[in-house]
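**Student:** With the input below, show me the fold.
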Amino acid sequence: PSVNVFPALYVARIVAASASLLNVALIGVLAWRVATPRAGLIAAALAAVVPVEAMQAHYVSVDPLLGLCTTLALLFACELARSGKLLAAVAAGAGAGLAFSAKYTGLVTFGACGWAILEVCARERSVVPLLRLLPAAIAGFLVFVLFACPPCVLQSELMFRAMAFIRQAASTSYLAFWNVQLVPTLGWYGRPYLYQLVAGLP
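**Tutor:** Next up is the predicted model:
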């Protein structure tokens, strides 16, 4: 209680807000690469007005950083699908490693890397790119997980314990929302299921 946590919260909010701003720019670049410059501008403009980004920076959510790392991983995966180069595979794996280090659910971004490798295999009509690019992508992933989250590797038991908690929290017993404590001041939608539809689904 004697420690002043507000400077740390201030720094964390700066990181979250900066990640949101950078993500807007990267979304524009990604849409530009995938489609056209006009698509990039529209995508960046839409990303810039997403209200949840401004909200999450205030309560120091990790999601803006996850969003930035995910967009970066997708950008590198697009480059890998286009070029099929070894360095692009390392970069795509590294982007997925950064996303995973930001939040465990970022592991799903490695799927984009795998998809890009399959695109190269389909284009070249061979499995040789898979044998060449997949180890490079895995190596990039592992190195950047170690770089971005040393405790994830050096104290992996903590990470696996957190993952077990997430698995338990997502179990079927929690799907009934029996443990949701809703205050009466919420009004007409302050009831299980109804609250999820009104507040969660949008």
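**Student:** hey, let's count contacts and neighbours off CA atoms from now on
**Tutor:** Fine.
**Student:** What about Val128, how many residues nearby?
**Tutor:** Using other CA atoms under 10 Å, Val128 has 11 neighbouring residues.
**Student:** show me what contacts it?
**Tutor:** Residues in contact with Val128 (CA atoms under 8 Å, 6 or more residues apart in numbering) are Cys121.
**Student:** Output the longest helix belonging to this protein.
**Tutor:** helix 6-34 (DSSP state H).
**Student:** the inter-axis angle of the helix or strand that comes right after that helix versus helix 6-34?
**Tutor:** Using DSSP states H and E, the helix or strand that follows helix 6-34 in sequence is helix 37-48. Taking axes from the mean of the first three to the mean of the last three CA atoms, to 10 degrees, helix 37-48 and helix 6-34 form an angle of 160 degrees between their directions.
**Student:** What's the mean pLDDT across helix 37-48?
**Tutor:** The predicted model gives helix 37-48 an average pLDDT of 94.
**Student:** quick check, distance from it to the centre of its chain.
**Tutor:** On the basis of CA atoms, centre = their mean, to the nearest Å, the separation between the geometric centre of helix 37-48 and that of its chain is 19 Å.
**Student:** Excluding covalently adjacent residues, which one is nearest to Cys78?
**Tutor:** Ranked by CA to CA, 6 or more residues apart in numbering and with sequence neighbours excluded, the top spatial neighbour of Cys78 is Ala116, at 6.8 Å.
**Student:** re earlier: tell me the buried residues in the longest helix of the chain?
**Tutor:** For helix 6-34, a neighbour-count test (16 or more other CA atoms under 10 Å) marks 12-13, 15-17, 19-32 as buried.
**Student:** For it, what is the distance to the chain centroid?
**Tutor:** Between the mean C-alpha point of helix 6-34 and the mean C-alpha point of its chain there is a distance of 12 Å (CA atoms, centre = their mean).
**Student:** Can you list the low-confidence ranges for the protein?
**Tutor:** Counting by pLDDT under 70, the ranges of the chain that qualify are 1, 53-55, 57, 170-181, 196, 199-202.
**Student:** Nearest to the spatial middle of it, which residue is it?
**Tutor:** The centroid of the chain falls nearest to Leu66 when counting by CA atoms, centre = their mean (3.5 Å).
**Student:** On the three-state scheme, that residue is what?
**Tutor:** Counting by DSSP: H, G, I helix; E, B strand; the rest coil, the backbone at Leu66 sits in helix.
**Student:** Contacts only, for it.
**Tutor:** Ala99, Phe100, Ala102, Lys103, Gly106.
**Student:** One more pass at 7 Å, please.
**Tutor:** Each residue near Leu66 by CA atoms under 7 Å, 6 or more residues apart in numbering is listed here: Ala99, Ala102, Lys103, Gly106.
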